[in-house]
Structures are given as structure tokens and as C-alpha cells.
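Engineer: build me a structure from this.
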Amino acid sequence: MAQNLYGPGVRMGNWNEDIYLEEEIMKDFLEKRDKGQLLIQRNRILKENLLRPMQLSVTEDGYVHCGDKVMLVNPSYPETEVDRCLGGDLSLCVTPDETTAHLSDELEVPCGLSAAQTRIPVGRNTFIILSADRNAMGQVLRYGQNFCLAITGGFEGRMLYLSSDHRTLLKSSKRSWLQEVYLTDETSYLNCWQVAFLDPQLRLEYEGLPVPANAKVLINHCHTNRGLAAHRHLFLRTYFGKEAEVAARTDLDSHGVERPRSHWMLVTGNPRKDSSTVLDVPKPPVEDTRALEQDTRAPEQGADPGSQ
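Structural biologist: Numbering: from 1, shown residues only. Okay, the predicted model is just below:
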């Protein structure tokens, strides 16, 4: 009858090689952990920087200046053309590729953009307004003036610029196949944008006037003459969840007026400590006040004929 002659202490095969291999794997793991090069550590660093709280600039004269930190917000509006869309105020955000985001702790260029349902200034949605020559810091931004929108993404020592270029067969937006909007670290004329007045009939009259903060405006690309637009009905699966696509397109209605998807607000900070942006400040009840004034005047008007 066959007997098992091998016990737990008997080593067979390449046991010595397997032991050394396990030791090398453990040594490599500990070395990467100490240097912060593990995938989970890189993922955590990237996410912490993109979601780092930021402080927006507070305007004192009501206008936007070069060097201000602002949020680009597409204000909420009732969407009647589609059934499903992202509602509320959407802010322009940095959107790294979902695959590369798990492999690197830095933003890879070119980097994508999207519109997210967030009103809190963080690293991924806080932009810096820069003049075209980068020398007009502190000066008021004016309608028709070339400027750049830069973002750090929560990182230090690196600046990415909002850019766009003509659509090609190999380069376009993911869902709508329109002109792509992206972030790059190269400075060129593709980084230049202009602010236009909302009403097309008064657009030429406002040319050269200061751009007010927290007001609806149009942001047009200088090289292609197409406006920045947020497509609320085109969803993107991003590293932070479901968000809307952003592209460059001149979207006009039947009257030749830009649709609300092309409207943007350069949102500044709130001087109050209880809220971070001006969007959080409650609006005064103007309509209610007018209704109360009409109610108080009605008895007086009705009493005059009776007294006569």
C-alpha cells in the first residue's frame, strides 16, 4: 500500500526562488508606500487636490478684474427641448480621464472639462482671469477684450489654460461631436477668449465697457468665434459621477439670440462668512414687496370715491 512519505517540513520544487520572490515583492511594495507611489495613494492625492476648498475673489466695485479667482457658472433655466437633463446651476469643472486618474497623481494634458452640479469653489472649478499679455493684473476686464482662463486644479506651480480649436475627424467632443474644449499647459492664441454682452442689439454699444461680476454674459473663443456652451442633456460618466458635456458652439434660436446653454456668469466670492459665493446670498423678495404695495394702495383708492 502506497504511503505519503512527504511531510510539512519537506521542500520540493523552486521553494528557495519563491521565497526570494515574495521578499522582493514585499520590499518593492514597502518602498512604493514610503514614497507615496501606490495607485491608491496617487488616486487619493489627485482627488484631494481637485476637491481642495478655494477662496474666490471679492469684488469691491462690482466688476471683474484680471487676476480674480472666479467660477464659471451656467445658470439654471427651464429646459423644454429635452426630457432628461441636469438641472440647477452648473459650474465649469476640470474632468480628468477616468483611466489615467487612477494611475497618476497629476493632471494629464490635454485635460477634459465638464459642467457639474456644484456651487462650492474647489480646486477643479476655480479659474483665474488673466490678460492676454499676462501683465494687466488688477485691471478691469472689458467687453471684447482678449483674456485667458487659467486653473491650477488645486496643485501648486502648474497652470492649465482653457483652450479650443477647430473640429477635426480625430478631435471633437465626446457626445455631440462638436468643437472640443480642453485644458493645456501651452500658451498660444488658442487660449484667448472674449466676453460679449447678452443682448445682441446692444452688443456693440457695450464694447469696451467693464464686465460686471455675477451677471449673465457670453464667452466666445477668439480663434474660432464660437461660444462656450453647456449641454445639459448630454451626460458624461466622469471620475466624480454624472456630469454634462461642455463644448464650443454658437447655438442660436429662431430670433438669432444665443440660447441659455451659452449663458455664463463669472461668479465672485461673498464677503459674508456664512456663504462662499454670491450665489448663496438670498435674493430680495421684489415681487412680494410690489404685491404688498398694491394691496395697501387698493383700500385708499377705493375709499376716495366713497368719501366724495
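Engineer: helix or strand with the lowest mean pLDDT in this protein?
Structural biologist: When the helices and strands of the chain are scored by mean pLDDT, DSSP states H and E, helix 286-307 comes last with a mean of 46.
Engineer: low-confidence ranges in the chain?
Structural biologist: 1-13, 36-40, 42, 101-103, 105, 273-275, 281-308 (pLDDT under 70).
Engineer: tell me where it has strands.
Structural biologist: Secondary structure of the chain (DSSP state E): strands at 69-74, 90-95, 112-116, 127-131, 147-151, 160-164, 179-184, 193-196, 216-221, 228-238, 241-248, 264-267.
Engineer: between strand 147-151 and the fourth one, find me the angle.
Structural biologist: Using axes from the mean of the first three to the mean of the last three C-alpha atoms, to 10 degrees, the interaxial angle of strand 127-131 with respect to strand 147-151 works out to 150 degrees.
Engineer: with just CA atoms, put strand 127-131 into CSV.
Structural biologist: Provided in CSV are the C-alpha atoms of strand 127-131 (Å, rounded to 0.1, in the frame of the first residue of the first chain):
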residue,chain,number,x,y,z
PHE,A,127,-10.5,79.7,-12.6
ILE,A,128,-8.1,82.7,-12.7
ILE,A,129,-8.7,85.5,-15.1
LEU,A,130,-5.6,86.6,-16.9
SER,A,131,-5.0,89.2,-19.6
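Engineer: contact partners for the residue nearest to Thr238 when sequence neighbours are not counted?
Structural biologist: Using C-beta to C-beta, 6 or more residues apart in numbering and skipping the chain neighbours, the partner closest in space to Thr238 is Thr95 (4.8 Å). Using the backbone N, CA and C atoms, a C-beta is placed for each residue, glycine as well. Residues in contact with Thr95, defined by C-beta atoms under 8 Å, 6 or more residues apart in numbering, are Cys111, Gly112, Leu113, Ser114, Arg124, Leu236, Thr238, Tyr239, Phe240, Glu243.
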